[in-house]
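S.K.: got a sequence here, can you build the structure:
(one chain, ligands or ions: 1)
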Amino acid sequence: MRHLLDTRSLTRDEAIRILDVAEDMAATQSRQVKKLPTLRGKTVVNLFFEDSTRTRISFEAAAKRLSADVINFSAKGSSVSKGETLQDTAQTLEAMGADAVVVRHGASGAPRTLAASGWIDAGVVNAGDGTHEHPTQALLDAFTMRRRRYGADASRGRDLAGYRVAIVGDVLHSRVARSNVWLLDALGADVTLVAPPTLVPQDVSLWPARVVYSLDEAIDAAPDALMMLRIQTERMSGSFFPSEREYARLWGLDPVRFQKLPNDTIVMHPGPMNRGLEICAAAADSPRATVREQVANGVSVRMAVLYLLLAGEHTETETKEDR
Ligand code: NCD
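M.R.: Here you go, the predicted structure:
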């Protein structure tokens with residue numbers, strides 16, 4: 001793997017390979033000493049032009065557990081706020097010897113621009129670009145679903161054929177929804193998008209998903225996973241729903257709806273959650289919620305991605321010895 005820019009271009013087998021390596025990584029994370037020597041001498045740069053807590057920390061933890069050196073670069077307080085371009089920033093990082101650049105950017109397509117530009121030799125990982133994609137989030141979500149479905153030991157090699165996922169809320173502004181739709185389709189899952197008409201993208205008929213406009217209808221259909229999305233007010237210029245109270249009443253997973261969900265339906269959220277808006281505390285804190293599991297699994301999945309990007313030249317035997 002040279003870069004990870006999206007899930008749309010991942011095949012079923014490529015996706016399963018990443019998830020399987022993530023299982024191997026997860027197995028090492030229950031040991032007392034979590035650190036592996038695999039990426040010793042490699043440098044990973046976290047280049048974040050947009051705010052983030054969990055994704056940046058997660059990539060940092062993943063790189064450090066593989067013994068890579070990590071440089072964190074956040075655009076606030078850097079030369080970017082003095083007007084430096086993506087090109088100049090990238091070339092600075094290249095000069096510092098970056099082997100991989102993990103980039104989050106407000107503009108859809110920025111990671112692809114970086115990967116295709118020839119400005120850098122490093123592998124590029126998209127950590128969320130505008131409303132386009134967030135591939136590692138979708139991979140950690142799929143990893144979480146697969147584990148909840150089959151258990152950690154029986155997950156390897158398997159896809160999500162027939163698994164029914166409802167993705168609820170601000171689909172229009174969500175890169176998480178997009179990455180999930182493509183990946184879940186590749187893995188054979190069955191996806192329903194649930195949103196107010198104002199938050200459904202115009203080109204949705206081209207997506208491998210069905211759309212319903214009622215959360216109650218989606219809950220009655222008893223999905224295997226209900227994924228709640230954050231309302232992305234920072235990406236909204238106009239008004240997409242009458243009021244927060246109205247949104248919560250119609251589209252929020254409130255205690256009454258939560259009660260109606262089958263006992264084995266898992267409740268997912270990529271974080272950060274707006275408690276009381278798209279999700280109530282009872283749902284967020286219940287054993288059926290996978291929110292904390294998703295965060296933990298995120299480290300294993302990002303370890304797998306960095307490993308596949310940076311240790312790809314090793315042979316199978318070398319890497320096993322390395323571990
Ligand atoms: C997501 C993001 O940034 O796209 N968060 C994350 O990576 N944990 C989802 C969101 O911000 O709502």
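S.K.: how much space between the residue nearest to R147 when sequence neighbours are not counted and M145?
M.R.: Nearest non-adjacent residue to R147, counting by C-beta to C-beta, 6 or more residues apart in numbering: S155, 5.5 Å away. Every residue, glycine included, has its C-beta placed from N, CA and C. Between S155 and M145 the distance is 10 Å, computed by C-beta to C-beta, to the nearest Å.
S.K.: the two - which one has more neighbours?
M.R.: Shown here are S155 and M145; by other C-beta atoms under 10 Å, M145 has more neighbours (25 against 20).
S.K.: make sure the more buried one is indeed in a helix.
M.R.: Yes. Looking at M145 with DSSP: H, G, I helix; E, B strand; the rest coil, it is inside a helix.
S.K.: hmm, it is touching D159, no?
M.R.: No. With contact defined as C-beta atoms under 8 Å, M145 does not reach D159; the gap is 10.5 Å.
S.K.: so the residue nearest to R147 belongs to a strand, correct?
M.R.: No. Read with three-state DSSP, S155 is coil and lies in no strand.
S.K.: doesn't R148 make contact with it?
M.R.: No. Using C-beta under 8 Å, S155 is not in contact with R148; the gap is 9.5 Å.
S.K.: skipping adjacent residues, who's closest to M268 in space?
M.R.: Looking at M268 with C-beta to C-beta, 6+ apart, the closest residue is M227, at 4.3 Å.
S.K.: got a list of what D224 touches?
M.R.: 145, 149, 163-165, 264-266 (C-beta atoms under 8 Å, 6 or more residues apart in numbering).
S.K.: ok, and of the residues you listed, which contact the ligand?
M.R.: Residues of the contacts of D224 in contact with the ligand (C-beta under 6 Å from any ligand atom): none.
S.K.: now the buried members of these.
M.R.: Buried subset of the contacts of D224 (neighbour count, 16 or more other C-beta atoms under 10 Å): 145, 149, 163-165, 265-266.
S.K.: and which of those is nearest to I18?
M.R.: M145 (14.1 Å; C-beta to C-beta).
S.K.: what touches both of S155 and M145?
M.R.: Residues touching both S155 and M145 by C-beta under 8 Å, 6+ apart: none at all.
S.K.: after the host helix or strand of F73, which helix or strand is next?
M.R.: F73 is part of strand 69-74, with elements assigned from DSSP states H and E. Using DSSP H and E, the helix or strand that follows strand 69-74 in sequence is helix 86-95.
S.K.: which stretches in this structure count as helices?
M.R.: 12-28, 54-65, 86-95, 110-116, 135-150, 175-186, 215-220, 244-251, 255-260, 281-284, 291-310, 316-322 (DSSP state H).
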